[in-house]
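Undergrad: structure for this input, please:
(one chain, ligands or ions: 2)
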Amino acid sequence: MPNTGIDEAVAVLRSGRLVAFPTETVYGLGADASSPRAVAGCFAAKGRPADHPVIVHVAEPAALDEWSSAVPDSARRLVGEFWPGPLTVVVPRADHVLSEVTGGQDTVALRMPDQPVALVLLRDFAGDRGVPSGIVAPSANRFGHVSPTTADAVAEELGEAVDLVLDGGPCAVGLESTIVNCTVDPPEILRPGAVTADQIADVLGASPSTPGSHGETPTATSRPRVPGSLETHYAPRAQVLVVGSAREAMTAVADARASGHRVGVLGLPDDPSGNFSDNLSGNVVDLAVPSDPAGYARCLYARLREADRRNVDVVVALPPAPEGIGVAVADRLARAAGTR
Ligand code: TXA
Ligand code: MG
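TA: Ligands and ions are numbered 1, 2, ... in the order given. Okay, the predicted model is just below:
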């Protein structure tokens, strides 16, 4: 693979500036994880609140022991199985980890992405400096917006706020990584993603829990540990309405049009009889996605961006089957709709 732009990207990162780069999930807005100034710049570019923790991206599984003071056995097993890949583990932080990175918590989130450009960048950035090296990378969008899955979408979101954008083409997964809090027993899935609860259970020999099942009640003063707890995340400008069936979708489309809205439909099955398409004809934007959950996930964010570009007011969305990454798609749609 040619390393076009990577030497420059490493130089930009080392000087404390920002590089957007592709991962297999979504594009990240990268900054040197050991520089308070760089991390602050990353938050500022996104418009992200300072107490919201970020993921440290690392070049190899061995980095787990450099960034964590006491790696839980569950984290070791999950990393052994899924790194590089769309899995983030939350583990006890090592002393050197900046509080700007952890949001003042005693844990840190770590991930080794599975994307060739990202891996070369992480390795070259680490070089042979002999110190723990990592790149913090929140998704490369303005806080609360839809994550970018192409270099063009990064430019659209951040414009001049980012110093360099590495283009790795469209992201293969298309949704943010699965986040697992490994500091509790059983480990807890904080955000669903491509690595599923079943896959995690297979590795751990026990089912992971999901948010809330540890009896923690969010309070006004509690830290935003759970992604999305601060506000609606992953939201386009258009209003998103999630429906449970194609029939419900048709009613929702008709209602929205009756109110004078421009409507987009997402994830509706093809209807061989043609009735359905007839009912949808005229001034309805077809935000077509593949029907399999992985294909749906890969295209979802691009279609939500398209909805905004085409001035859609209301997106009527039918989630894919709740299998595999379909669970994560339903989670993001619910967040975009403001119902989670
Ligand atoms: O796929 C991904 O994870 C992408 C790519 C770029 O790697 N990154 C990403 O970052 O989605 P971001 O910042 O948009 O979302 C990271 C989430 C945040 O919602 C944050 O709450 C959570 O990770 N997080 C980070 N550190 C945490 C910690 N110590 N404890 C609990 N949650 C944490
Ligand atoms: Mg994000």
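
Undergrad: tell me how far residue 250 lies from ligand 1.
TA: 34 Å (C-beta to the nearest ligand atom, to the nearest Å). Placement of C-beta: from N, CA and C, glycine included.

Undergrad: tell me the pLDDT of that residue.
TA: For residue 250, the model assigns a pLDDT of 92.

Undergrad: wasn't it part of a strand?
TA: No: using DSSP: H, G, I helix; E, B strand; the rest coil, the assignment for residue 250 is helix, not a strand.

Undergrad: run a quick neighbour tally on it.
TA: By the other C-beta atoms under 10 Å criterion, the neighbourhood of residue 250 contains 18 residues.

Undergrad: check residue 80 too.
TA: Neighbours of residue 80 using other C-beta under 10 Å come to 11.

Undergrad: okay, now the unreliable bits of this structure?
TA: For the chain, applying pLDDT under 70 flags the ranges 1-3, 211-233, 270-282.

Undergrad: centre-most residue in it?
TA: Nearest to the mean C-alpha position of the chain, by C-alpha atoms, centre = their mean, lies residue 176 at 2.3 Å.

Undergrad: helices or strands up against the helix of greatest length in the chain?
TA: Using DSSP state H, we find that the single longest helix of the chain is helix 293-309. For helix 293-309, the packing partners by 3 or more C-beta pairs under 8 Å, 6 or more residues apart in numbering; DSSP states H and E come out as helix 151-158, strand 263-266, strand 284-287, helix 326-337.

Undergrad: using JSON lines, please lay out the ones you listed together with mean neighbour count and distance to ligand 1.
TA: Below are the helices and strands packed on helix 293-309 laid out as JSON lines (neighbours: other C-beta atoms under 10 Å; distance: least, C-beta to the nearest ligand atom, whole Å):
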{"stretch": "helix 151-158", "mean neighbour count": "20", "distance to ligand 1": "11"}
{"stretch": "strand 263-266", "mean neighbour count": "26", "distance to ligand 1": "21"}
{"stretch": "strand 284-287", "mean neighbour count": "19", "distance to ligand 1": "22"}
{"stretch": "helix 326-337", "mean neighbour count": "22", "distance to ligand 1": "11"}
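
Undergrad: can I get those in JSON lines with distance to residue 12?
TA: Formatted as JSON lines, those follow (distance: least, C-beta to C-beta, whole Å):
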{"stretch": "helix 151-158", "distance to residue 12": "14"}
{"stretch": "strand 263-266", "distance to residue 12": "36"}
{"stretch": "strand 284-287", "distance to residue 12": "35"}
{"stretch": "helix 326-337", "distance to residue 12": "30"}
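
Undergrad: distance of residue 184 relative to ligand 1?
TA: Per C-beta to the nearest ligand atom, residue 184 is found 11 Å from ligand 1.
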